[in-house]
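Engineer: quick check, what structure comes out for this input:
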Amino acid sequence: MSYQLTLEPLGATIEVEEGQTLLDAALRQGIYIPHACGHGLCGTCKVQVCEGEVDHGAANPFALMDMERDDGKTLACCATLQADTVIEADIEDEPDALIIPVRDFRATVARIEQLTPTIKALHLTLDKPIQYQAGQYVQVQIPSLGQSRAFSIANAPNADGFASEIELNVRQVPGGAGTTWLHESLKAGDQLTVAGPYGRFFVRHSAAQPMVFMAGGSGLSSPRAMIQELLARDCAQPITLIYGQRSREELYYDDEFRALAAQYPHFTYIPAISGDAECGDWSGARGFVHEAAREHFAGNFSGQKAYLCGPPPMVEACISTLMQGRLFERDIYTEKFISAADAQGTRSPLFKRV
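Structural biologist: This is a model prediction of the structure:
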């Protein structure tokens, strides 16, 4: 059984299967509704129900309050249809976005590499090529949980925009059931179900401006793919990558980026270490990512496009530093998917879009 969903102001009408969320149905038709946690916790995907009937599902009462439910609002990531329905969604016009419907893929684990003591690279061969924009992510179904987890694709697609093999960099989160299973139980030859692509974190090529990428922890995946793509496309704009880790041993793909910086004069790589006890011979930047960026750019980021990916505290610190350094909110882009734990945190009221 299915219902019809009409999305305004697009005027597009799509089929929604029984039990399928509004967000999933829209993404599989190539229609992007802004979203973040995907679990009904953050409220990013809130839409207005104009006609029809929905089941709000597992929407958190803080993300969708009773008064909002009474006003006809719902969360697209949780809501399912009970009748033909019309909703109004805040759908952005993004000139650099490609219309790529979400698809399901069967993936075979080709190999697993230990990148650092806490991060592994999963190389997955897909049953059919996936089209995506460098910087986007996929949802990986975790068999032991019956749930999916989001991971950015760490390699750029081929020149045609497709790839038959993708790389995911997975940091083992203490107490995290999903990442623990991927680290301790998954092995080469195993099969996984992957869905994607998701997300609006990709290079705004039409801007033709210098770019600074700021990454921390395992948040290097998207910037790595985006920089690979830029260099492969002979981008002539200055590109700067500032990548931070707590210790030197957690700094992965360090040699790769040093080699790219030596090969491409317009690419600058600045690794930064925020810990101090175990890297006494470290001659590079010390401190957090936003501190290294502020020092490198002498506190003035005007004229840049900034792309941020990493733990929420790092991203928030970078946004503050960039805006203090004369960069407008419209020039800052962040990876939007966040974990359930991240969604519980509060965000600064300064930030309306990022």
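
Engineer: burial measure for the residue lying closest to Phe297 once chain neighbours are set aside, as a count.
Structural biologist: In space, and not counting its chain neighbours, Phe297 is closest to Gly325: 6.6 Å by C-beta to C-beta, 6 or more residues apart in numbering. In this view, the C-beta of every residue, glycine as well, is placed from N, C-alpha and C. Using other C-beta atoms under 10 Å, Gly325 is surrounded by 18 other residues.

Engineer: before we move on, what about Pro9?
Structural biologist: Pro9 - counted by other C-beta under 10 Å - has 9 other residues nearby.

Engineer: so who does the residue nearest to Phe297 touch?
Structural biologist: Listed by C-beta atoms under 8 Å, 6 or more residues apart in numbering, the contact partners of Gly325 are 294, 297, 299-302.

Engineer: mind running it again at 6 Å?
Structural biologist: Gly325 makes contacts with 299-301, as judged by C-beta atoms under 6 Å, 6 or more residues apart in numbering.

Engineer: can you say which of these are buried?
Structural biologist: Among the contacts of Gly325, those classed as buried by neighbour count (16 or more other C-beta atoms under 10 Å) are Phe301.

Engineer: from the contacts of Gly325, which is closest to Tyr132?
Structural biologist: Phe301 (28.1 Å; C-beta to C-beta).

Engineer: how about the contacts made by the closest one?
Structural biologist: 322, 325, 327.

Engineer: which of these fall in helices?
Structural biologist: Secondary structure defined by DSSP state H assigns Leu322 of those to helices.

Engineer: thinking again about what came up before, ok, of the contacts of Gly325, which one's closest to Leu145?
Structural biologist: Nearest to Leu145 among the contacts of Gly325, with distances taken as C-beta to C-beta, is Phe301, at 40.4 Å.

Engineer: ok but that closest one is inside a helix, no?
Structural biologist: No. The assignment for Phe301, made by DSSP: H, G, I helix; E, B strand; the rest coil, is coil rather than a helix.

Engineer: mind checking pLDDT for it?
Structural biologist: Looking at Phe301, its pLDDT reads 96.

Engineer: can you check Leu350 too?
Structural biologist: On pLDDT, Leu350 comes in at 40.

Engineer: please apply the same query to Val86.
Structural biologist: Note for Val86: predicted pLDDT of 96.

Engineer: list the beta-bridge partners for it.
Structural biologist: Counting by DSSP bridges, Val86 is bridged to Thr6, Glu51.

Engineer: residues contacting it?
Structural biologist: 6, 50-51.

Engineer: what is the nearest of those residues to Ala156?
Structural biologist: Using C-beta to C-beta, the contacts of Val86 come closest to Ala156 at Thr6, 36.2 Å.

Engineer: of all the contacts of Val86, which comes closest to Arg204?
Structural biologist: For those, the nearest to Arg204 is Thr6 (29.9 Å; C-beta to C-beta).

Engineer: returning to that earlier point: reformat the contacts of Phe301 as TSV; add distance to Val212 and pLDDT.
Structural biologist: Shown next, in TSV, are these (distance: C-beta to C-beta, whole Å; pLDDT from 0 to 100):
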residue	distance to Val212	pLDDT
Leu322	8	96
Gly325	10	95
Leu327	9	94
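
Engineer: can you tell me which of the contacts of Phe301 is nearest Phe201?
Structural biologist: Leu322 (15.9 Å).

Engineer: so what's the closest one up against?
Structural biologist: Neighbour list for Leu322: 301, 306, 332 [criterion: C-beta under 6 Å, 6+ apart].
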